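here are the coordinates; sequence isn't available:
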Ligand code: GLC
Ligand code: CA
């Protein structure tokens with residue numbers, strides 16, 4: 001086992017959605033040289049690590065989450081040499097790099113799938129094949145999860161689009177294959193991985209015998225996730241990854257249940273779970289925020305702190321009604337709360353949602369599937385678009401326009417908050433002291449080894465806070481049109 005310094009608990013991450021971050025060669029698509037060209041920007045912003053979404057060869061049905069070759073770089077995003085340069089530039093800038101790794105499924109264009117559908121012996125059980133559809137499971141992208149394959153004349157299981165066939169994790173060969181993939185990127189020098197939908201691994205054949213329950217026609221995903229054996233699979237990946245000193249293993253856990261989230265982390269498992277308890281908030285609700293923070297603290301979870309990602313609408317639009325003052329308060333929370341912050345590209349600018357005006361604007365697989373399904377059900381084009389518009393994840397995926405001048409001081413605030421977090425151990429890893437919500441005034445304390453810091457946030461935006469009231473040194477203050485709305489004080 002390598003020594004792990006726990007650097008990730010002291011780090012602010014920045015998610016880079018490769019196709020839309022920065023276009024280096026002017027073809028309209030973000031790429032790896034584009035990312036490299038922004039390394040100084042990221043360094044000045046003050047982030048400690050970047051998470052790169054999949055950049056591997058892929059038919060791009062789900063924007064790269066349908067990998068057809070795990071050992072190379074998609075030609076749209078650059079070359080392997082471009083990746084090496086990116087890694088070197090990041091490390092020179094003191095920024096670590098984690099790679100998104102999709103091990104739950106592969107593209108149906110992956111060589112393993114092509115051989116499996118031809119029933120080649122070695123690959124026969126790499127995927128989940130059945131003579132008949134064994135259950136009512138639906139894909140997380142709408143529609144049935146079983147697809148008939150004309151070549152093998154059997155059905156295969158796909159939790160996402162039909163072009164993303166799920167690997168059969170009850171076959172021990174899969175773990176061995178995956179280790180080779182991880183080895184390849186670790187040997188190049190990546191600092192860790194974000195394991196995509198890792199609690200969805202299909203590890204238990206017996207679970208396929210059970211139908212998922214439905215509530216008001218909506219399927220509840222019960223038996224198709226958190227199967228018996230997922231933890232062992234994660235342990236196998238973790239044991240391998242941690243033979244590399246200091247490698248970080250983050251796993252996306254699609255579940256809000258705190259005990260479930262907790263059960264995948266800890267020694268020998270994931271270093272941290274990418275959990276959605278805060279991130280998935282649909283409307284701003286400070287009482288919910290305080291409640292979740294308190295519950296996660298009680299459950300002993302070191303949560304991921306984010307309000308935006310490539311899978312949801314941008315929080316500037318979704319939670320802040322595009323008000324920069326509100327965005328400042330969410331930044332204050334994200335960068336002073338306990339957990340591991342994950343900023344999403346452009347939230348610091350701030351960027352708003354892309355407008356989705358017609359079915360032509362639906363790029364994302366989840367949106368397109370929803371649209372198709374509704375048309376098949378006989379809905380009008382307008383109804384189908386209305387439904388798909390709620391489901392599509394295109395909102396946060398627009399290519400960033402780096403030439404646009406942005407006013408309002410949000411970026412400067414992110415910089416100050418990142419500096420503050422770097423300078424104060426209490427803000428990075430300190431436990432919570434008092435947590436209180438009084439009306440829309442949120443107060444919490446962070447207790448470090450040598451200091452105690454208090455954060456007060458006025459989510460009513462009415463300037464309720466009187467800075468300096470208690471005579472404590474003020475570390476940071478956010479003033480708005482109405483007075484002081486956010487305050488960080490040093491209590492001890
Ligand atoms: C994760 C990714 C999402 C993708 C899905 C299937 O949730 O974040 O973008 O569609 O996994 O791979
Ligand atoms: Ca490009």
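Now that the structure is in, tell me what you want to look at. These numbers come from a predicted model, not from an experiment. Ligands and ions are numbered 1, 2, ... in the order given.

For ligand 2, what's the nearest residue on the stretch 101-250 of the chain?
Per C-beta to the ion, residue 107 is where the stretch 101-250 of the chain lies closest to ligand 2, at 21.1 Å. Placement of C-beta: from N, CA and C, glycine included.

Not counting its neighbours along the chain, what's nearest that residue?
residue 66 (3.9 Å; C-beta to C-beta, 6 or more residues apart in numbering).

Using the three-state scheme, assign the one you found.
Under the three-state scheme (DSSP: H, G, I helix; E, B strand; the rest coil), residue 66 adopts coil.

neighbours around it, how many?
By other C-beta atoms under 10 Å, the residues close to residue 66 number 26.

Residue 120 too?
Around residue 120 there are 12 residues (other C-beta under 10 Å).

Against residue 147, how distant is it?
19 Å (C-beta to C-beta, to the nearest Å).

Name the SS class of the residue in the stretch 251-400 of the chain positioned nearest to ligand 1, please.
Ligand 1 sits closest to residue 311 of the stretch 251-400 of the chain, with a gap of 4.8 Å, by C-beta to the nearest ligand atom. Under the three-state scheme (three-state DSSP), residue 311 adopts coil.

what sits against it?
Residues counted as contacts of residue 311 (C-beta atoms under 8 Å, 6 or more residues apart in numbering) are 393, 396.

Repeat that for residue 198.
103, 104, 230, 234, 251, 252, 253, 264, 270.

Kindly reformat those as a markdown table containing distance to residue 461, secondary structure and pLDDT.
Output for these, formatted as a markdown table (distance: C-beta to C-beta, whole Å; DSSP: H, G, I helix; E, B strand; the rest coil; pLDDT from 0 to 100):
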| residue | distance to residue 461 | secondary structure | pLDDT |
| --- | --- | --- | --- |
| 103 | 43 | coil | 98 |
| 104 | 41 | coil | 98 |
| 230 | 43 | helix | 98 |
| 234 | 42 | helix | 98 |
| 251 | 36 | strand | 98 |
| 252 | 33 | strand | 98 |
| 253 | 33 | coil | 98 |
| 264 | 37 | coil | 98 |
| 270 | 37 | strand | 98 |
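
Most neighbours of all those, which one?
Most surrounded of the contacts of residue 198: other C-beta under 10 Å gives residue 253, at 28 neighbours.

in terms of contact, does that one touch residue 269 like I think?
No - with contact defined as C-beta atoms under 8 Å, residue 253 does not reach residue 269; the gap is 11.1 Å.

so residue 132 touches residue 155, yeah?
Yes - using C-beta under 8 Å, residue 132 makes contact with residue 155 at a distance of 7.2 Å.

so where is this structure shaky, pLDDT-wise?
Scanning the chain with the threshold set as pLDDT under 70 gives 1-3, 469.

If we use 90, what do you get?
Residue ranges of the chain with pLDDT under 90: 1-5, 142-143, 216-217, 280, 404-407, 466-471, 481-482.

just checking, what's the longest helix in it?
For the chain, the helix with the greatest residue count under DSSP state H is helix 172-188.

Mind checking what helix or strand follows it in sequence?
strand 192-195 (DSSP states H and E).

elements contacting that next one?
The contact analysis (3 or more C-beta pairs under 8 Å, 6 or more residues apart in numbering; DSSP states H and E) places strand 192-195 against strand 96-101, helix 230-241, strand 248-252.

does ligand 1 sit close to it?
No - residues of strand 192-195 contacting ligand 1 under C-beta under 6 Å from any ligand atom: none, with a closest distance of 8.7 Å.

on contacts alone, who are the packing partners of the next helix or strand after that strand?
Once strand 192-195 ends, the next helix or strand along the chain (criterion: DSSP H and E) is strand 214-215. With contacts taken as 3+ C-beta pairs under 8 Å, 6+ apart, strand 214-215 sits against no other helix or strand.

hmm, who's touching strand 214-215?
So strand 214-215 is contacted by 136, 220 (C-beta under 8 Å, 6+ apart).

check contacts around the residue of the chain found nearest ligand 1.
Residue nearest to ligand 1 within the chain (C-beta to the nearest ligand atom): residue 65, separated by 3.3 Å. Taking C-beta under 8 Å, 6+ apart, we find residue 65 in contact with 53, 54, 58, 100, 102, 160, 164, 196.

Quick check on those: which are buried?
53, 54, 58, 100, 102, 160, 164, 196 (16 or more other C-beta atoms under 10 Å).

Can I get these in a markdown table including distance to residue 83?
Output for these, formatted as a markdown table (distance: C-beta to C-beta, whole Å):
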| residue | distance to residue 83 |
| --- | --- |
| 53 | 14 |
| 54 | 12 |
| 58 | 15 |
| 100 | 13 |
| 102 | 17 |
| 160 | 25 |
| 164 | 23 |
| 196 | 19 |
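
Let me have the residues you listed in CSV, extended by distance to ligand 1.
As requested, the buried ones among the contacts of residue 65 are exported to CSV (distance: C-beta to the nearest ligand atom, whole Å):
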residue, distance to ligand 1
53, 8
54, 8
58, 11
100, 8
102, 6
160, 5
164, 6
196, 5
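
Check those against residue 38 and report the nearest one.
Among those, residue 53 lies closest to residue 38 (C-beta to C-beta), at 15.0 Å.

Could you check how far that closest one is from residue 283?
Residue 53 is 26 Å from residue 283, by C-beta to C-beta.

repeat for residue 102
Distance of residue 102 to residue 283, computed by C-beta to C-beta: 30 Å.
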